[in-house]
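Asks: The sequence isn't on hand, but the structure is:
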């Protein structure tokens with residue numbers, strides 16, 4: 001399944017955050033990246049700009065829910081360059097749910113999707129931006145200026161990093177064994 005494959009490849013995160021860079025979640029529009037803030041000056045979060053573009057999403061060779069592959073166009077957006085650390089999470093929320101605590105530079109872990117959404121909202125408020133999520137319905141308002149989680153399309157677009165092969169190491173799973181996919185040894 002492509003989602004699992006790219007989550008392992010990116011290991012990007014206990015979760016990653018993106019900044020709203022367009023007015024609608026539509027993937028048919030193109031826009032330039034809009035830098036709203038410089039969060040690296042506040043919590044040590046380094047954001048990278050990903051330009052608008054198209055890519056082939058999904059896979060014909062994996063799970064049925066990944067079929068058919070389709071061409072998706074994404075707008076430009078910004079995304080955290082690395083996972084959110086325990087120190088960053090705690091400085092915003094006041095708590096550290098991580099099992100492997102003790103080093104604030106470790107990625108925060110043991111966070112649910114809801115925890116990640118609450119973190120995005122809290123970070124937005126700390127910096128003076130609009131909250132993207134309604135914490136009653138858990139819906140995201142893409143017109144808001146705050147932080148949010150990347151959509152599935154944005155996540156896969158970022159993970160693919162311009163590649164067109166099944167895996168970022170090529171079309172063969174064997175290349176993943178040496179690329180950090182621990183325990184895999186085909």
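Replies: It's in. Here the structure is a predicted model, which is why all the values come from computation and not from measurement. Numbers count the residues shown, from 1 in each chain.

Asks: what about the strands in the protein?
Replies: Along the chain, counting by DSSP state E, strands occupy 18-19, 47-50, 53-57, 70-74, 77-80, 147-148.

Asks: so what's the residue nearest to residue 133 when sequence neighbours are not counted up against?
Replies: Distances taken as C-beta to C-beta, 6 or more residues apart in numbering place residue 117 nearest to residue 133, at 4.8 Å, with adjacent residues excluded. Using the backbone N, CA and C atoms, a C-beta is placed for each residue, glycine as well. The neighbourhood of residue 117, defined by C-beta atoms under 8 Å, 6 or more residues apart in numbering, consists of 133, 135, 138, 149.

Asks: so how far is residue 48 from residue 117?
Replies: Distance from residue 117 to residue 48, counting by C-beta to C-beta, to the nearest Å: 21 Å.

Asks: contacting residues around residue 58?
Replies: Neighbouring residues of residue 58 by C-beta under 8 Å, 6+ apart: 2, 66-70.

Asks: now, among these, which is nearest to residue 154?
Replies: Set against residue 154, the nearest of these by C-beta to C-beta is residue 2 (14.1 Å).

Asks: so what's residue 96 up against?
Replies: Going by C-beta under 8 Å, 6+ apart, residue 96 touches 86, 89-90, 108.

Asks: Let me know the closest of the residues you listed to residue 124.
Replies: Nearest to residue 124 among the contacts of residue 96, with distances taken as C-beta to C-beta, is residue 89, at 14.5 Å.

Asks: For that closest one, which non-adjacent residue is closest in space?
Replies: Leaving aside its sequence neighbours, residue 89 sits nearest to residue 108 (C-beta to C-beta, 6+ apart; 4.0 Å).

Asks: And the one you found, how far from residue 72?
Replies: Per C-beta to C-beta, residue 108 is found 29 Å from residue 72.

Asks: Same question for residue 135.
Replies: 29 Å.

Asks: okay, these two: which has more neighbours?
Replies: Between residue 135 and residue 72, residue 72 has the larger neighbour count (other C-beta atoms under 10 Å), namely 19 against 11.

Asks: Make sure the more buried one is actually in contact with residue 157.
Replies: Yes: checked against C-beta atoms under 8 Å, the pair residue 72 and residue 157 is within contact range at 7.3 Å.
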